[in-house]
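K.L.:
The amino acid sequence is not available; the structure is as follows:
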């Protein structure tokens, strides 16, 4: 009887223990990463009152089983349901991380300060020291660090200090590549202007400072022919780094074989106050030969092809004689301020590269090259244009310069119309065909034109008063106006004011003519005629760009077969031995096109080529993220994304054998398997770490409530055994009565 009592007491105790486990499961139904447990019972022991016996062939009796009475139950074990994942709760927080296992159970490795323990609870945060920690305990999350090359070093795990001082910023990168793309339209006014179509390229040095390289595209020839020129480089404050440096534009972008078109950058420079007179003196003070007098000094005037052709080109019945584009003429004039007969001068033909043409006749038509001042010097040649008064009058007629005419005979239109010339027109004729400084104030010149709309209009000129200063202009008809008395042979010497005098940028800078220095290879042109000036990039700065006339694609830039050119920033000369902070920038022009686009060009430059070489300024940390492999990335304000570390996980041969130590953590035991101190990558077996999600408890309330019911029934039944046994014992005691 006593056995029943003690067996039931054991049953009560074990069911109470099971109820404790159920209560713990339900209590942790909302605990992040909690794994439920279940209990198992085992029989305690048995009292054998009769041992079993075997069959006896001699007596003919069979075997008898042993007689045993059980003495109750005992608590055998608790089993953690470690392999069943909990439900997912979306939080949107980057460091709420859920372990989604594929084939095996994984654990985060966290350090308590004294040892590594393990958890499934992925509610992490970054503490004030920049460490990734558990929110609930502050235990530091362990993982792998990044080596000097930016790769994960999978050795011993260590705390992930993802917001260390060195991670707060992203290192700058200098620009190494760029792209020029879009459309150059021949009908865009800019591409046909002296200043060109402007394009800008922003790039960075090795410290992340930004610069802006200014380029200009100009149409310079026939269909599909352009040049791309460098005009300046500005720092982030808008100050030119070329101005005032020893670096020339052509050092950075160009070639000794001139391909540039000479871009006008006059508006980029401001004359210093009160320096106009100094500029004039600097430009027009002749060089004095050794032993010579000041009045014998020389000046060199340059006439571009456009000026030469405007004033000296002419046509005959077979051809038009003019100078090819890109060429120029240099006149070296001795005593330029003296009388015409006292001047001495030589002419030199210059090609587009700025080199002297040794045989001008190879470039200019022989019929156009008339006289030589020094017959023994084949290069000292002169271009002469013979212009008659008849030519001048025809030009005026074509230009519509005759105004307010009066019919000679209103009744007979065939007698023509008479036009009285104004003072300006009379002075122009006098300067050409009478002599300079002729007084025309008291004269009257009338031009009568017959058949002005025909192919061969007839002109006649009368001058009043007879015998006056303009008598030489008088003539009866066309033939008379083209004879020797009405012919002027002109050369460029007659147009000195239309040529320019070059002044070296170095001299300009020494005098402080402009508020900022000119690039040393800039071409400075001073025009004595109206004393205006131009600042032009050198012909050696820039490259020729040729486009296909069939589809508008780029054929080459610089030379055949090349679709890119290099901005050679490594050639930039630093002062005081300071290391050059720049890298050469290869600019890809392959996608630039020459097409009709409604008169609008869209060509533009941008740093980088695909994902390469864009360059970046220094960046500050603005965001953190974790990918499915546990790699932690920092996002920076300069667009960089940098790997900061990787969360490692631990796996065990018997994860259920881990010891729960509270705080959602486990410790290894002899039956779980040991941690090797290194860990494994989460996705090594296809598992993932999901950011912005937490793993909730895997407690199933339906199961727990069912277990609670059966536990309650078991407890009640055991208590009934005790009460029944007590009643029986009471009856036994009552026998004595």
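P.N.:
That came through fine. Just so it is clear, the structure is predicted and the values come from calculations on it, not from any experiment.
K.L.:
okay, and for the stretch 351-500 of the chain, where does confidence drop off?
P.N.:
367, 370-381 (pLDDT under 70).
K.L.:
what do you get if the cut-off is 80, keeping everything else the same?
P.N.:
352-354, 361, 365-382, 436, 493 (pLDDT under 80).
K.L.:
And the helices in it?
P.N.:
Taking DSSP state H, counting those that start in this stretch as the test, the helices found in the stretch 351-500 of the chain are 389-399, 423-433, 478-481.
K.L.:
could you dump those helices to TSV with mean neighbour count and distance to residue 68?
P.N.:
Using the backbone N, CA and C atoms, a C-beta is placed for each residue, glycine as well. Below are the helices of the stretch 351-500 of the chain laid out as TSV (neighbours: other CB atoms under 10 Å; distance: least, CB to CB, whole Å):
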stretch	mean neighbour count	distance to residue 68
helix 389-399	17	137
helix 423-433	18	144
helix 478-481	17	153
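K.L.:
Go through this protein and flag its longest helix.
P.N.:
Longest helix in the chain, counting residues (DSSP state H): helix 701-734.
K.L.:
Which elements pack onto that one?
P.N.:
helix 2-27 (3 or more CB pairs under 8 Å, 6 or more residues apart in numbering; DSSP states H and E).
K.L.:
Give me the most central residue, this protein.
P.N.:
With distances taken as CA atoms, centre = their mean, the chain has residue 607 as the residue nearest its mean C-alpha position (2.4 Å).
K.L.:
Okay, residue 707 and residue 434: tell me how far apart.
P.N.:
Remark: distance between residue 707 and residue 434 (CB to CB, to the nearest Å) = 129 Å.
K.L.:
For the nearest residue to residue 209 once chain neighbours are set aside, grab the count of nearby residues.
P.N.:
Spatially, and ignoring its direct neighbours in sequence, residue 209 is nearest to residue 236 (6.2 Å; CB to CB, 6 or more residues apart in numbering). The local packing of residue 236 (other CB atoms under 10 Å) involves 12 other residues.
K.L.:
Contact partners for residue 236?
P.N.:
Each residue near residue 236 by CB atoms under 8 Å, 6 or more residues apart in numbering is listed here: 209, 210, 211.
K.L.:
Got the confidence number for the residue nearest to the second one when sequence neighbours are not counted?
P.N.:
To tie it back to what came earlier, the one meant is residue 210. Using CB to CB, 6+ apart and skipping residues adjacent in sequence, the residue nearest residue 210 is residue 236, 4.9 Å away. With respect to pLDDT, residue 236 scores 91.
K.L.:
same deal with the one 4 residues further on?
P.N.:
In the predicted model, residue 240 carries a pLDDT score of 94.
K.L.:
ok, back up a step: quick one: which of the helices of the stretch 351-500 of the chain is nearest residue 2?
P.N.:
Proximity to residue 2 (CB to CB) singles out helix 389-399 among the helices of the stretch 351-500 of the chain, at 141.1 Å.
K.L.:
what angle sits between that closest one and helix 423-433?
P.N.:
150 degrees (axes from the mean of the first three to the mean of the last three CA atoms, to 10 degrees).
K.L.:
Show me what helix 389-399 is packed up against.
P.N.:
Using 3+ CB pairs under 8 Å, 6+ apart: helix 389-399 touches helix 423-433, strand 458-464, helix 478-481.
K.L.:
what's the burial count for the closest residue to residue 319 other than its chain neighbours?
P.N.:
Once flanking residues are discounted, residue 319 sits nearest to residue 365: 7.3 Å by CB to CB, 6+ apart. Residue 365 has 12 neighbouring residues, counting by other CB under 10 Å.
K.L.:
hang on, residue 365 packs against residue 320?
P.N.:
No - applying CB atoms under 8 Å, one finds residue 365 not in contact with residue 320, separated by 9.4 Å.
K.L.:
Please name the residues that touch residue 669.
P.N.:
657, 658, 659.
K.L.:
which ones among those residues are found in helices?
P.N.:
Going by DSSP H, the helices hold none of the contacts of residue 669.
K.L.:
Selection in ChimeraX covering whichever of those are buried, please.
P.N.:
Typed into ChimeraX, the line below selects the buried ones among these, using 16 or more other CB atoms under 10 Å:
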select :657,658
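K.L.:
export the contacts of residue 669 to JSON lines and tack on distance to residue 675 and pLDDT?
P.N.:
What follows is the contacts of residue 669, written out as JSON lines (distance: CB to CB, whole Å; pLDDT from 0 to 100):
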{"residue": "657", "distance to residue 675": "13", "pLDDT": "91"}
{"residue": "658", "distance to residue 675": "10", "pLDDT": "92"}
{"residue": "659", "distance to residue 675": "13", "pLDDT": "92"}
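K.L.:
What segments of the stretch 301-450 of the chain are strands?
P.N.:
314-315, 320-321, 328-334, 344-350, 369-372, 381-383, 385-388, 406-407, 417-420, 444-450 (DSSP state E, counting those that start in this stretch).
K.L.:
For the stretch 151-300 of the chain, just list every one of the strands.
P.N.:
Using DSSP E, counting those that start in this stretch, strands in the stretch 151-300 of the chain cover 152-159, 169-170, 177-184, 197-204, 210-219, 225-235, 298-304.
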